[in-house]
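Student: this one's sequence-less:
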C-alpha cells in the first residue's frame with residue numbers, strides 16, 4: 001500500500017471518528033438538557049409549595065372545602081385564598097402534564113378526579129381562558 005493510500009484511509013477513519021464524536025456529544029447534550037428541565041420543574045414546584053404553605057393553615061382548609069363544593073365564599077379574601085389554592089394545584093398539574101413520571105401522572109389523575117370534578121373547581125376553571133395552559137393541563141387537553 002502506498003503512502004497516499006494510507007493517508008486516504010487515515011482521513012476516512014478520522015472522519016468517521018469525528019462523526020461518532022459529534023453524535024455522542026449530541027446525545028450527551030440532549031441528556032443534560034432533559035435533566036436540567038426536570039430539575040427546573042422540580043425546583044419551581046418546591047418553591048411554589050413553600051410559598052403557599054401558609055395558605056393551608058387555619059381556616060383556609062375550610063375555605064378550600066367550601067369553595068370546591070360550590071358554596072358562596074364570605075368575602076374577597078376567601079375568594080382570593082380559594083383562587084390561590086386552585087392556582088397552586090393547577091400549576092402542579094400543568095407541570096405533571098409535561099412528564100411521563102408515574103408519580104406525576106398519579107398526581108394529575110388524582111387532581112382531575114378529586115378536585116377538578118367538584119362544582120367550585122369547575123366554576124374556577126370557567127374563569128380561565130380556553131387556551132390557558134392551566135386549564136388545558138387539568139382538563140387533559142394538552
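Tutor: Looks like it arrived, so ask away. Remember, predicted model here, so these are calculated numbers, not experimental data.
Student: State which helix of this structure is the longest.
Tutor: Secondary structure assigned by DSSP state H gives helix 3-52 as the longest helix of the chain.
Student: Which other helices and strands does that helix contact?
Tutor: helix 76-97 (3 or more CB pairs under 8 Å, 6 or more residues apart in numbering; DSSP states H and E). All C-beta spots, glycine's among them, are computed from the backbone N, C-alpha and C.
Student: Quick one: mean pLDDT over stretch 31-42.
Tutor: Stretch 31-42 comes out with an average pLDDT of 76.
Student: ok, now how distant is residue 137 from residue 126?
Tutor: Distance, residue 137 to residue 126, using CB to CB, to the nearest Å: 16 Å.
Student: Between the two, which is the more surrounded one?
Tutor: Legend: neighbour count by other CB atoms under 10 Å for residue 137 and residue 126, higher for residue 137 (23 against 9).
Student: which ones are touching the more buried one?
Tutor: 90, 93, 94, 96, 97, 108 (CB atoms under 8 Å, 6 or more residues apart in numbering).
Student: Show me the residue at the heart of this structure, geometrically.
Tutor: Centroid check for the chain by CA atoms, centre = their mean gives residue 95 as the closest residue, at 1.1 Å.
Student: Give me the number of neighbouring residues for residue 84.
Tutor: Residue 84, neighbours per other CB under 10 Å, totals 16.
Student: returning to that earlier point: please give the centre-to-centre distance between the longest helix of the chain and its chain.
Tutor: 23 Å (CA atoms, centre = their mean, to the nearest Å).
Student: Tell me, please, where in this protein the pLDDT is lower than the cut-off.
Tutor: Scanning the chain for pLDDT under 70 picks out 41-42, 44-58, 141-142.
Student: 90 instead, please
Tutor: 1-17, 20, 30-65, 72-74, 77-78, 80-117, 128, 130-142 (pLDDT under 90).
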